[in-house]
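Q: Please find the sequence and the predicted model below.
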Amino acid sequence: MSENAEEAPVVEEKKKPEKPQRKRKKEKGVFALYKIENDKAVRLRPTCERCGPGYFMADHGDRYTCGHCGFTRYKPVENRE
Ligand SMILES: [Zn+2]
């Protein structure tokens, strides 16, 4: 490094703590509900027993709930994450 005639005051920039970037919620389309296996669409979520096929239940960890009618079904213990 060469010496500068004009000594610029060294301003130490305080590093701002990086803002944690907002994690965008992964958009889950209907694609997330199906898995293609052997050219067949396999449903990954159970459908509501009350509302019938077409009404998927939301995964809530240890249980599934239907957003349509509020029906809740607990997962079998061995399937819990
Ligand atoms: Zn339902």
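A: Structure's in. What do you need? Numbering: from 1, shown residues only.
Q: mind listing what Ala32 touches?
A: Shown in contact with Ala32 (CB atoms under 8 Å, 6 or more residues apart in numbering): Leu44. Yep, even glycine has a C-beta here, placed from its N, CA and C like the rest.
Q: Name the residues of the protein found near the ion, please.
A: Residues of the chain found near the ion (CB under 5 Å from the ion) are 48, 50-51, 55, 66, 68-69, 71.
Q: ok, of the residues you listed, which one's closest to Glu18?
A: Proximity of the residues of the chain next to the ion to Glu18 (CB to CB) peaks at Cys66, which lies at 40.2 Å.
Q: So how do I select the buried members of the residues of the chain next to the ion in ChimeraX?
A: To isolate the buried ones among the residues of the chain next to the ion in ChimeraX, judged by 16 or more other CB atoms under 10 Å, type:
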select :48,55,66
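Q: longest strand anywhere in this structure?
A: Longest strand in the chain, counting residues (DSSP state E): strand 52-59.
Q: so how far is that strand from its chain's centroid?
A: On the basis of CA atoms, centre = their mean, to the nearest Å, strand 52-59 sits 18 Å off its chain's mean C-alpha point.
Q: With that, I have no additional questions.
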